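> Got a predicted structure here, sequence first:
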Amino acid sequence: MTKIWNKKYLKCIGCGETKKPHKGHGYCTGCYNKSEYGKRNKAKWRASGKGKYWYHDYDQKLKIKAIKHYSNGKNCCAICGYDDIRALTIDHIENNGAEHRKTFNTTINAWLRTHKYPKGFQVLCCNCNWIKEVERRRNKADYTLGRRNETT
């Protein structure tokens, strides 16, 4: 393994190209994943199940931070005051959650932290969040039905 001009880039022992090494094993990421060593470690990692649990725990920590921020430290629903953290969710105040979710490729909790907890969100329990959605749909349907009756 020969060091090239930059310490971050090494000559891969698999393909011979100068690339960023994977964990210092002498392979680039592509060759490491194809090698027996990489396949064996990937299989061990998947069998252990550590990856998905680590990510779930991390997202739960982000959720708690977001809920603390948007509820001003009270950790409760903005409408009814319910305080079980398992049932609290982040809600888009302007009902634009569907459009907003299409603009990023991560969880809402991670997006909020990355963007320093912007305004326009609130904490609701699952029941209040669902009631808000049902009322929004009902109002939309009433508006649509009203317009149909006016044109006929």
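Thanks, I have it. Remember, it's a predicted structure, so these values are computed and weren't measured experimentally.
> Now for residue 106: which residues touch it?
Listed by Cβ atoms under 8 Å, 6 or more residues apart in numbering, the contact partners of residue 106 are residue 114. No exception for glycine: its C-beta is placed from N, CA and C like everyone else's.
> One more pass at 10 Å, please.
With contact taken as Cβ atoms under 10 Å, 6 or more residues apart in numbering, residue 106 is in contact with 59, 62, 113-114.
> From those, list just the buried residues.
Applying 16 or more other Cβ atoms under 10 Å to the contacts of residue 106, the neighbour count classes 62, 113 as buried.
> could you check the distance from residue 91 over to residue 66?
In this structure, residue 91 and residue 66 are 11 Å apart, going by Cβ to Cβ, to the nearest Å.
> can you count the residues close to residue 104?
The burial count assigned to residue 104 is 12, neighbours taken as other Cβ atoms under 10 Å.
> before we move on, what about residue 55?
11.
> in what helix or strand does it lie?
Residue 55 belongs to helix 50-70 when assigned by DSSP states H and E.
> I'd like the average pLDDT over that helix.
Here helix 50-70 scores 84 as its mean pLDDT.
> picking that back up, which residues do residue 91 and residue 66 both contact?
Common contacts of residue 91 and residue 66 (Cβ under 10 Å, 6+ apart): 108, 121, 123.
> from those, which ones fall inside helices?
Judged by DSSP state H, the subset of the shared contacts of residue 91 and residue 66 located in helices is residue 108.
> From residue 97, how far off is the residue most central in space within the chain?
Among the residues of the chain, the one closest to the centroid is residue 107, at 1.6 Å (Cα atoms, centre = their mean). Separation of residue 107 from residue 97 (Cβ to Cβ) stands at 13 Å.
> tell me which element residue 132 falls in.
Applying DSSP H and E, one finds residue 132 within helix 126-151.
> Domain map for the protein?
Domain assignment of the chain by automatic domain parsing yields the ranges 10-48, 72-151.
> where does this structure have low pLDDT?
Flagging of the chain using pLDDT under 70 yields the residue ranges 1-10, 21-25, 33, 36-38, 42, 45-46, 48-54, 143-152.
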